[in-house]
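K.L.:
Mind looking at a prediction? Sequence and model below.
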Amino acid sequence: MYPASRTADPHPHNTSGRRARTGTALTAVLGVAALLLTACSDAGGRADAGGDDPDRAGGVDTEERTVYLITHAVEGDTFWDYVRRGAEEAAAKDNINLVYNSHREGAQQAELIQSAIDAGADGIAVTMAKPDAMTPAVQRALDADVPVVSLNAGEEEAFDAGAFAHFGQNEAVAGAAVGEYLEEEGIEHPICVIQEQGHVGLEARCDGIRDVLPDTENLYVEGSDMTQVAATVRAKVDSAGGADAIIGLGGPFTMTILDEVQSAGSDITVGSFDLNAEIAEAVVDGDILFAVDQQPWLQGYLAVDSLWLNFNGGFEPGGGQPVLTGPSIVDSENAEAVLEYAEEGLR
């Protein structure tokens, strides 16, 4: 369905046998994804080809269930639109009533989990960006016999809390992949812009870059206030000294960073974690060097679909290991192909 992307090595610092290990990891990931994406066409009466009813084509005839998708989305961050679209696609196929809620703060996100339990949720898909606040709520869900999967953030913490599956990218691996990419481009002193302090995934990205490029510098901004983001980035660009790259950790934030770099007349290189149509087009145009795609649409889809599989067979995809949806590097070599899907809201 998707064009090929440059996929990062899950063992970024081991050069011996890298190609073989990467191929094995990709085969495992694609195998699990294939199971999830095709499960509804398996024998046994779960799938319904729709007959003469186009509204039910490709759907299932299993019991309707209610799944809550609870994320740490920040208002205005288009990344979560992709996650939600993927989840809605799976829900429509799987006869699932999907309820979406979000809050950027862990304590409030935990309250949303409790509300889902109280409302009789059949399953919960949740992000674990603030695991200390979230873990007790996840465990209360499990105590109430509500299965939980995680996506996007906090894979280790999610498994520790009792989630049966996680869908996302390993952020430390993604950071190291970016560090190696920047190193190949001659970058020595990148600035890593973190829009949410205390977010374990964002911190891991910057730490991964720093593992390769020790002079990496963190810059904290208030992600819920794009005016403040712009002002803080502009002040840093104007006084950046020896910094030779600045990396955004989300599409809308990277576009704001790009605007400030261009308005300052700076030649500092801009890169991005995460992807949207604007980012893909900027890569095609040469304004952004690269973007890391973790395929958020797929994260949302697989999270909901895995709960359907659990309801209808007790399946637990991944075997206790995260199902990786990224990272892959989008740059001048493949951005044109990816842009088509980004404009459709898939990448």
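P.N.:
Received it, and whenever you're ready, just let me know what you need. Numbers count the residues shown, from 1 in each chain.
K.L.:
For the stretch 51-200 of the chain, which segments are assigned as strands?
P.N.:
65-71, 96-102, 123-126, 148-151, 166-169, 190-194 (DSSP state E, counting those that start in this stretch).
K.L.:
what's the closest of these to G345?
P.N.:
Of all those, strand 96-102 sits nearest to G345, with 15.8 Å by C-beta to C-beta. Every residue, glycine included, has its C-beta placed from N, CA and C.
K.L.:
so who does the nearest residue to N312 once chain neighbours are set aside touch?
P.N.:
Excluding its sequence neighbours, the residue lying closest to N312 (C-beta to C-beta, 6 or more residues apart in numbering) is T62, at 5.4 Å. By C-beta atoms under 8 Å, 6 or more residues apart in numbering, the contact list for T62 reads 46, 94-95, 308, 311-312.
K.L.:
so which of the residues you listed comes closest to R210?
P.N.:
Nearest member of these to R210, counting by C-beta to C-beta, is W308, at 39.6 Å.
K.L.:
thinking the closest one is in contact with I96, fair?
P.N.:
Yes: counting by C-beta atoms under 8 Å, W308 does reach I96; the two are 6.3 Å apart.
K.L.:
Quick one: closest of the strands of the stretch 51-200 of the chain to A137.
P.N.:
strand 123-126 (8.4 Å).
K.L.:
Give me the sheet partners of that closest one and which way each runs.
P.N.:
strand 65-71 (parallel), strand 148-151 (parallel) (DSSP bridges).
K.L.:
Comparing those, which comes out most buried?
P.N.:
strand 148-151 (a mean of 29; mean count of other C-beta atoms under 10 Å).
K.L.:
follow-up on the earlier one: of all the strands paired with strand 123-126, which one is nearest E217?
P.N.:
That would be strand 65-71 among those, by C-beta to C-beta, at 28.5 Å.
K.L.:
Do you know the pLDDT at S239?
P.N.:
In this model, S239 is scored at 89, pLDDT.
K.L.:
Now do the phi/psi pair for it.
P.N.:
phi -120, psi 30 (degrees, to the nearest 10).
K.L.:
Next up, the contacts around D211.
P.N.:
13, 172, 175-176, 179.
K.L.:
among those residues, who's most crowded?
P.N.:
Of all these, G175 has the most neighbours under the rule other C-beta atoms under 10 Å, reaching 31 neighbours.
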